[in-house]
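>>> any chance you can model this:
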Amino acid sequence: MSISKNVLRGAVAGVTLLALAACSATYRNHGYTPLESDLERVAVGQDTRDSVAEKIGHPGSEGLREADAWYYVQSRWRHFAYNEPEEVDREVLAISFAADDTVTNIERFGLEDGEIVALSRRVTDTTTVRGAGTLRRLFANIGGLDPRRLVGN
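Take a look at the predicted model:
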């Protein structure tokens, strides 16, 4: 009889551990922003689009390439049980280019309390990234897609 009690206790402990593990949040990362150590190899005023592409790569499908800037976007999503996934962090790296394709600005932006915050900045002039409207659109998407917008209501 003592063997069956031990087996029962083990089974209860195993089921309890599985239930607790099922209730823990999981996190997924989407997109890509280069590491700071990789970004140090890019020189403002010297590197071009081609050399940036060689050193850190093109923006991926989550990023954006415009005529005067490249945007690398990385998001972290929290999945918990049956709840809708929640975006808990977003980082945008903006690299601006001059008309001759040389790098003019490198800026890294984060999200603090719903406000865009510059995390690091290497610039050749005092202006910030020219595509500020694009940057705002990249951050404004927090919260995901509203299905009502798809059906026109």
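
>>> and the strands in this protein, which stretches?
With DSSP state E as the criterion, the chain has strands at 26-31, 64-65, 69-79, 86-97, 103-112, 115-123.

>>> partners of the fourth one in the sheet?
The sheet places strand 86-97 alongside strand 69-79 (antiparallel), strand 103-112 (antiparallel), with pairing taken from DSSP bridges.

>>> low-confidence ranges, this protein, go.
1-3, 18-22, 61-64, 66, 113-153 (pLDDT under 70).

>>> could you redo the last one with a cut-off of 80?
1-3, 5, 15-24, 60-67, 81, 111-153 (pLDDT under 80).

>>> tell me the spacing between the closest residue to K55 other than its chain neighbours and F97.
Distances taken as C-beta to C-beta, 6 or more residues apart in numbering place R41 nearest to K55, at 5.0 Å, with adjacent residues excluded. Just so you know, the C-beta spots here come from the backbone N, C-alpha and C atoms, and that holds for glycine as well. Counting by C-beta to C-beta, to the nearest Å, the gap between R41 and F97 amounts to 17 Å.

>>> what about those two, which has more around it?
Counted by other C-beta atoms under 10 Å, R41 and F97 do not tie: F97 has more neighbours, with 20 against 13.

>>> in contact with that one, which residues?
Residues near F97 by C-beta atoms under 8 Å, 6 or more residues apart in numbering: 48-49, 68-70, 103-104.

>>> could you flag which of those are buried?
Those of the contacts of F97 that meet the buried threshold are 69-70, 103-104, by 16 or more other C-beta atoms under 10 Å.

>>> ok, those residues vs L93, which is closest?
W70 (8.3 Å; C-beta to C-beta).

>>> one step back: now distance to V15 too, for the buried ones among the contacts of F97, in TSV please.
Converted to TSV, the buried ones among the contacts of F97 look like this (distance: C-beta to C-beta, whole Å):
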residue	distance to V15
A69	54
W70	51
V103	57
T104	60
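
>>> what's the farthest-apart pair in those residues?
Top of the distance list for the buried ones among the contacts of F97 (C-beta to C-beta): W70 and T104, 11.9 Å.

>>> phi and psi next, for H58.
Here is the backbone geometry of H58 (degrees, to the nearest 10): phi -80, psi 160.

>>> state the distance from it to A94.
Distance from H58 to A94, counting by C-beta to C-beta: 14 Å.

>>> try N105
Between N105 and A94 the computed distance is 7 Å (C-beta to C-beta).
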